[in-house]
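>>> Give me coordinates for this.
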Amino acid sequence: QVQLVESGGGLVQPGGSLRLSCAASGSIFKIYAMGWYRHAPGKQRELVAFITRDSVTDYTDSVKGRFTISRDNAKNTVYLQMNSLKPEDTAVYYCTADTAVIVYSLRGVPDYWGQGTQVTVSS
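Numbers count the residues shown, from 1 in each chain. Here you go, the predicted structure:
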C-alpha cells in the first residue's frame, strides 16, 4: 500500500500563492507517476497536473503558466506551487499516485489518493 499525506492548503486572496506538499510512504517503489486532482462544489473532478518518475510533467490548460508541479525523490514528496491564484481555483486538492502514467494521460482514476486539502481563493 501507498500512503499520501497532503499539506499546505488554506485561504488566500486572488493573485496570491500557495504551495501544496504531498508526502508518500509505504510501497513507494511501485509508484511511477503522481498528480494533483481537484474537486470544486458543483463541478467535475479534474486533473490539475502530474509528474512522472522521470520528471515529465503535464498540466490542465487552465493552470498552465501559473502552477508548477515538482518532486523531491529523496524526500518522497511532490509539490504543487500555485501562483496567480483565481477564485475559480477554489477546490479540495487531492494528491494521487499510480504505477502507470497512462492513468493520468487518459484522465483516469489513480490507485492511491490522499485525504485532500482545501484551497480557498477569496478576497
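
>>> Which stretches in this protein count as strands?
Here the chain has its strands, by DSSP state E, at 2-7, 10-12, 18-26, 33-39, 46-52, 57-59, 67-72, 77-82, 91-98, 112-113, 117-121.

>>> Report all helices and strands that the last one contacts.
For strand 117-121, the packing partners by 3 or more CB pairs under 8 Å, 6 or more residues apart in numbering; DSSP states H and E come out as strand 10-12, strand 18-26, strand 91-98. The C-beta positions use only the backbone N, C-alpha and C, and glycine is treated the same way.

>>> which ones are touching the closest residue to Val119 other than its chain neighbours?
Excluding its sequence neighbours, the residue lying closest to Val119 (CB to CB, 6 or more residues apart in numbering) is Gly9, at 4.9 Å. Each residue near Gly9 by CB atoms under 8 Å, 6 or more residues apart in numbering is listed here: 18, 20, 93, 117-119.

>>> Output those residues in JSON lines, with neighbour count and distance to Thr52 appended to each entry.
What follows is these, written out as JSON lines (neighbours: other CB atoms under 10 Å; distance: CB to CB, whole Å):
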{"residue": "Leu18", "neighbour count": "21", "distance to Thr52": "23"}
{"residue": "Leu20", "neighbour count": "24", "distance to Thr52": "18"}
{"residue": "Tyr93", "neighbour count": "24", "distance to Thr52": "19"}
{"residue": "Thr117", "neighbour count": "22", "distance to Thr52": "22"}
{"residue": "Gln118", "neighbour count": "12", "distance to Thr52": "27"}
{"residue": "Val119", "neighbour count": "22", "distance to Thr52": "24"}
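
>>> any chance of these in CSV, with distance to Thr68 too?
Converted to CSV, the contacts of Gly9 look like this (distance: CB to CB, whole Å):
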residue, distance to Thr68
Leu18, 12
Leu20, 11
Tyr93, 14
Thr117, 17
Gln118, 20
Val119, 15
